[in-house]
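Asks: Next come a sequence and a model predicted from it.
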Amino acid sequence: MVAKLNIRVIGMGVAGLVVASATLISSNEPGIGTFDLQHPEVSLTQFGDAKRSDQTGADAKFVGRKVCRECHETNFDLHANHGHASTFHQVSQTDLPEIFADTKFDGGANHGIYEYFADDQQALYVRLPAEFGQQAFPLQYALGSGQHAQTMLTLTTSADGQTEGIEHRVTCYHNERVGITPGHSKKIPSNALELFGDMQRGEPLQRCVDCHTTQGEVVDASVKGLVANVNCEKCHGPGSEHVRVARNTPTPPKYSVGREDWDGESEIQLCGDCHRLPKNLSEREVREYPDLLARFQPVGMLRSRCYLESNGQMRCTTCHNPHQTIQAVAKDQHIHACIQCHDNQNTEHVVCSVSTDSGCIGCHMPPLEMDEGLRFHDHWIRVREE
Ligand code: HEC
Ligand code: HEC
Ligand code: HEC
Ligand code: HEC
Ligand code: HEC
Ligand code: HEC
Ligand code: HEC
């Protein structure tokens, strides 16, 4: 099969990347090793029971996190160092151009050797000389804070006029290590553009932006109304009404997490909206719980006896301050959460026969290594088989 694509790359000054030939489509065999965990079927609209602040004044508007700082400085400062404050950037505003410029990366037999260069505006481009000579493909947005990884995404308009997102094959991992994007190592390009990365369009592309930003709509190969990163109002809802009232009274009515109808379930729904819930996975994935599911913390937590048998006492904030990055939390800090429920003084819950004061995480929710050395803690808290 030979495909001819004429791709317009918007706003990059590199119009007309014309691609003459494409490789045959070849799909991976289905099987446990090929779960597409990077992009499971997720629907943000399924999240109908979300209790963000939409009710507090139906016409509340987004005001931006800087306004929240006025009265909530502590949370503002904490949040600024959280991964949430750094999930979506223009590549030119990151250090990726410095890391990649004038380097080459061997994408393997299916892709060839990528060559990177930056211009004096700090815009980053990639070439595949063997296929396209000196034509350059721009790398536009960077997703992820870099604590784990940053993957680049470029929006283009495809031949049929639809916006297409290309998630680059190559990712920058912690400590500036460059490697294949998680889940991409076995990908075989089905057309020429896919030599640069995976193509996304429509809902999946919009979701990618939804999970990494506070606001933004993918239209015409750009993100309209972009408010980058997972900011205060992504979790608390638009704040204009709260701010207006708070400026007039020292005791404003509760508007989000303080509301009476806000409970542990609402919180798990909120975090699970992005960190994934069981409903976002296939029945088989949930049933078989392959180690890869450790990426999706709510899925694991929801099947833990700690959660199931504690009458809704366990939620994400039992262990995590939602504003403070885990990087700033001492490794042994979380055991205090375990000991809250499992200690000798507490007759309500069982106590460990191996250790009652240390090492809980390493034995009962250890970090599991995934693709390219990414590690996630298995939130299915349990006595693990050897
Ligand atoms: C709008 C989507 C979204 C929501 C809602 C969300 N997260 Fe996240 N979260 C992310 C993304 C994206 C990252 C990756 C950041 C990175 O690359 O480091 C992340 C990273 C994290 C991290 C690791 C980074 C760090 O600095 O500690 C923790 C812990 C975390 N989230 C907990 C939570 C909790 C708890 C909630 C609910 C109160 C929540 N998240 C709600 C999208 C979300
Ligand atoms: C359903 C919500 C959701 C969608 C859709 C989504 N992400 Fe994420 N992404 C997350 C969350 C949550 C994390 C944090 C994972 C963690 O640290 O546990 C994350 C983390 C990342 C990271 C940091 C590395 C890592 O694996 O932790 C990168 C890079 C990334 N996402 C890229 C993308 C790209 C590119 C797309 C779209 C093509 C995308 N994501 C779509 C929610 C999402
Ligand atoms: C990832 C979701 C998330 C983000 C982002 C977030 N919050 Fe929160 N916030 C929560 C949750 C969940 C609670 C409830 C915590 C609890 O029940 O212990 C909370 C509680 C609060 C509270 C009341 C309790 C307290 O800590 O004082 C304030 C005020 C607050 N957040 C302000 C902010 C501000 C300001 C920002 C931005 C700088 C922000 N939040 C960003 C999820 C978030
Ligand atoms: C003019 C001051 C002011 C501004 C600006 C402000 N708040 Fe508040 N906020 C308060 C006061 C006062 C309270 C009640 C006392 C408390 O809990 O700290 C409160 C409580 C909260 C709470 C906990 C109770 C609840 O309603 O859920 C959250 C969450 C919160 N604010 C989030 C925000 C966010 C997000 C912003 C930015 C969009 C913001 N606030 C801006 C003054 C302010
Ligand atoms: C019983 C305690 C506990 C609960 C409850 C909990 N976590 Fe965690 N979580 C941890 C520990 C411990 C780590 C590892 C922290 C570290 O690396 O220092 C962690 C790490 C994370 C990370 C970083 C990536 C990883 O997996 O290592 C994310 C994201 C996260 N948790 C999200 C959540 C979400 C979302 C919820 C609610 C569904 C949740 N956690 C509930 C203890 C908990
Ligand atoms: C909100 C209370 C609560 C917290 C916090 C909590 N647990 Fe539990 N956990 C329980 C309950 C309830 C059970 C069921 C047995 C019982 O009633 O004691 C349980 C059971 C367990 C079991 C046995 C699981 C099995 O499959 O047999 C282990 C192991 C465990 N918890 C470890 C931990 C560790 C480690 C932490 C901290 C990371 C933790 N728990 C935090 C409430 C909690
Ligand atoms: C060296 C590994 C190790 C460490 C460290 C450890 N555990 Fe355990 N834990 C185990 C094993 C193994 C079992 C199963 C013991 C058995 O079946 O007799 C267990 C059992 C449990 C149980 C279930 C007990 C029951 O009677 O069903 C709980 C709850 C628990 N651990 C909590 C904790 C907590 C909380 C910590 C930290 C204070 C901790 N564990 C530290 C290995 C460990």
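Replies: Thanks, I have the structure now. Ligands and ions are numbered 1, 2, ... in the order given.
Asks: which stretches of this structure form helices?
Replies: Along the chain, counting by DSSP state H, helices occupy 65-69, 73-80, 96-100, 129-132, 202-212, 232-236, 240-246, 264-275, 283-288, 297-302, 305-308, 335-341, 360-364.
Asks: which other residues reach the fifth one?
Replies: By CB atoms under 8 Å, 6 or more residues apart in numbering, the surrounding residues in contact with helix 202-212 are 39, 42-44, 87-88, 143-144, 153, 162-165, 167, 200, 216-218, 223, 228-230, 273-274. Where you see a C-beta, it was placed from the backbone N, CA and C, and this is true even at glycine.
Asks: Narrow those to those in strands?
Replies: 88, 143, 153, 163-165, 167, 200, 216-218, 223, 228 (DSSP state E).
Asks: Buried ones among the residues you listed?
Replies: F88, L143, L153, T163, E164, G165, E167, Q200, G216, V218, V223, A228 (16 or more other CB atoms under 10 Å).
Asks: Is the first one in contact with T213, as I believe?
Replies: Okay, so that is F88. Yes. Between F88 and T213 there is a contact under CB atoms under 8 Å: 5.0 Å.
Asks: list the residues that contact both of these two?
Replies: A228, N229.
Asks: Would you mind writing the CA trace of stretch 248-268 as CSV?
Replies: Coordinates of the C-alpha atoms in stretch 248-268 are reproduced here as CSV (Å, rounded to 0.1, in the frame of the first residue of the first chain):
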residue,chain,number,x,y,z
ASN,A,248,-16.8,40.4,50.7
THR,A,249,-17.0,38.1,53.6
PRO,A,250,-14.3,36.3,55.7
THR,A,251,-16.5,33.1,55.8
PRO,A,252,-17.5,32.4,52.2
PRO,A,253,-19.8,29.4,51.7
LYS,A,254,-18.0,26.2,50.8
TYR,A,255,-17.7,25.8,47.0
SER,A,256,-15.9,22.6,46.2
VAL,A,257,-14.2,20.0,48.4
GLY,A,258,-15.7,21.7,51.5
ARG,A,259,-19.3,21.1,50.4
GLU,A,260,-21.5,18.7,52.3
ASP,A,261,-21.9,16.5,49.3
TRP,A,262,-18.2,16.1,48.9
ASP,A,263,-17.0,12.8,50.2
GLY,A,264,-14.3,10.2,49.7
GLU,A,265,-16.0,8.8,46.6
SER,A,266,-16.2,12.2,45.0
GLU,A,267,-12.5,12.6,45.6
ILE,A,268,-11.6,9.2,44.1
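Asks: How about it and ligand 5, touching?
Replies: Yes. Stretch 248-268 lies within reach of ligand 5 by CB under 6 Å from any ligand atom, at I268.
Asks: just stretch 277-286 next, same as before
Replies: No. Using CB under 6 Å from any ligand atom, stretch 277-286 stays clear of ligand 5, with a minimum separation of 8.8 Å.
Asks: follow-up on the earlier one: looking at the ones in strands among the contacts of helix 202-212, which two lie furthest apart in space?
Replies: The span of the ones in strands among the contacts of helix 202-212, defined through CB to CB, is set by E164 and A228 at 20.6 Å.
Asks: Contact residues of the chain facing ligand 3?
Replies: 65, 68, 72, 75-76, 79, 84, 230-232, 234-236, 257, 267, 317, 322-323.
Asks: before we move on, back to that, now the helices of the chain in CSV, with mean pLDDT?
Replies: CSV is the format used below for the helices of the chain (pLDDT from 0 to 100):
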stretch, mean pLDDT
helix 65-69, 97
helix 73-80, 98
helix 96-100, 98
helix 129-132, 93
helix 202-212, 97
helix 232-236, 97
helix 240-246, 97
helix 264-275, 97
helix 283-288, 95
helix 297-302, 98
helix 305-308, 97
helix 335-341, 93
helix 360-364, 96
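Asks: possible to save the ones you listed as JSON lines with mean neighbour count?
Replies: Shown next, in JSON lines, are the helices of the chain (neighbours: other CB atoms under 10 Å):
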{"stretch": "helix 65-69", "mean neighbour count": "17"}
{"stretch": "helix 73-80", "mean neighbour count": "15"}
{"stretch": "helix 96-100", "mean neighbour count": "20"}
{"stretch": "helix 129-132", "mean neighbour count": "14"}
{"stretch": "helix 202-212", "mean neighbour count": "19"}
{"stretch": "helix 232-236", "mean neighbour count": "23"}
{"stretch": "helix 240-246", "mean neighbour count": "18"}
{"stretch": "helix 264-275", "mean neighbour count": "19"}
{"stretch": "helix 283-288", "mean neighbour count": "12"}
{"stretch": "helix 297-302", "mean neighbour count": "22"}
{"stretch": "helix 305-308", "mean neighbour count": "17"}
{"stretch": "helix 335-341", "mean neighbour count": "16"}
{"stretch": "helix 360-364", "mean neighbour count": "17"}
